[in-house]
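Attaching a predicted model along with its sequence, questions to come.
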Amino acid sequence: MIIPCIDLMGRKVVQLVQGKSKALELPDPFAVLEKFKEYPQIQVIDLDGAMGRTSQADIVRELCRRKPCRVGGGIRTLDRALQVEQDGACKIIVGSSAFTSEDINSDFLRTLSARIPREKLMIGVDCFGNRVAIHGWKETLPMTPAEVLPKLEPYCSEFLCTYIDAEGKLQGTDLEYFRALRAVTNLPITAAGGITTDDEIRALEEMGMNAALGMSIYRKTFPELFAEAGKS
């Protein structure tokens, strides 16, 4: 399944390269959602929430009202996770808060799983330089994604695995990296990060993985913006 990504920053939809430089900005999240109406689910990430700024809960709530959405970004407390569930998210994506500086955050994950059905919980495991990256990808931990996925299995129904090294570059992703992850867990995986071509999407489908698309799907959906920027 292809899952378009709506990343929110400053009440706009943005696309960032490796979580840093802004490559695309669109002012109306709901107009973007309408462009993606043919897809069964949308991935919504509140980047402001993820970076510790004021969250955009009202926009997220309305997006969930209009379309099945997987929601992440700044879900650091049980109260916030319960609010996202109440707002109608079909999946709640927990990222940085699933980890401590040295291991998985078992205490927090147990607290979540005691109140939220496991089938609604996803854990985001982001990778940079083959290390787990947290806090807006500004910090890497002394552990690899392949090491932590088996430990996280009891607390979620699916993983969102982002390969940051290729994120936003439109140069393709690393399929061997995702094959290595597939070998260590039987849970569903949604792959993200640099997925650019139909061949890559098919290869991920053959592994049993969904593909969360950012820059590549925006290039196809809003080609005029990339033409203006010389990126078509």
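Nice, thanks for sending it over.

Show me the residue at the heart of this structure, geometrically.
Residue closest to the average C-alpha location in the chain (Cα atoms, centre = their mean): residue 160, at 5.8 Å.

Now it: closest residue in space that isn't a chain neighbour?
residue 124 (4.4 Å; Cβ to Cβ, 6 or more residues apart in numbering). In short, each C-beta sits where N, CA and C put it, glycine included.

who's in contact with residue 154?
By Cβ atoms under 8 Å, 6 or more residues apart in numbering, the residues touching residue 154 are residue 113.

Tell me how far it lies from residue 53.
32 Å (Cβ to Cβ, to the nearest Å).

got the contact list for residue 70?
Per Cβ under 8 Å, 6+ apart, neighbours of residue 70: 3, 41-44, 89-93, 122, 160, 190.

7 Å instead, please
Listed by Cβ atoms under 7 Å, 6 or more residues apart in numbering, the contact partners of residue 70 are 41, 43, 44, 89, 90, 91, 93, 122.

between those, which is nearest residue 203?
residue 43 (19.8 Å; Cβ to Cβ).

how about the helices in the protein?
29-35, 47-50, 57-66, 78-86, 106-115, 145-152, 175-182, 198-206, 215-221, 223-228 (DSSP state H).

Quick one: closest of those helices to residue 72.
helix 47-50 (7.6 Å).

Residues in contact with the closest one: which ones?
Contacts with helix 47-50, where a contact means Cβ under 7 Å, 6+ apart, come from 7, 8, 9, 10, 54, 55, 56, 73, 74, 136.

For the residue nearest to the fourth one when sequence neighbours are not counted, grab the count of nearby residues.
Taking Cβ to Cβ, 6+ apart, and ignoring the residues beside it in sequence, residue 10 has residue 48 as its nearest neighbour in space, at 7.0 Å. Using other Cβ atoms under 10 Å, residue 48 is surrounded by 17 other residues.

now residue 48: how far from residue 151?
For residue 48, the distance to residue 151 - Cβ to Cβ - is 29 Å.

surely the residue nearest to the centre of the chain meets residue 126?
No: Residue 160 lies out of contact with residue 126 (Cβ atoms under 7 Å); the separation is 8.3 Å.

which residues sit in contact with residue 101?
residue 141.

Now for residue 43: which residues touch it?
Taking Cβ under 7 Å, 6+ apart as the test, what residue 43 contacts is 3, 5, 70, 212.

thinking again about what came up before, next one, pLDDT for the residue nearest to residue 10 please.
We have a pLDDT of 90 for residue 48.

which secondary element of the protein has the worst mean pLDDT?
helix 223-228 (a mean of 70; mean pLDDT, DSSP states H and E).

Would you check how far apart residue 133 and residue 106 are?
According to Cβ to Cβ, residue 133 stands 20 Å off from residue 106.

and the contacts of residue 43, which two are the farthest apart?
5 and 70 (9.4 Å).

The closest residue in space to residue 136 that isn't next to it in sequence: neighbouring residues, count only.
Sequence neighbours aside, residue 51 is the residue nearest to residue 136 in space, at 4.8 Å (criterion: Cβ to Cβ, 6+ apart). Using other Cβ under 10 Å, the number of residues around residue 51 comes to 14.

from memory residue 51 sits against residue 135, does it?
No: Residue 51 sits out of contact with residue 135 when judged by Cβ under 7 Å, with a separation of 8.1 Å.
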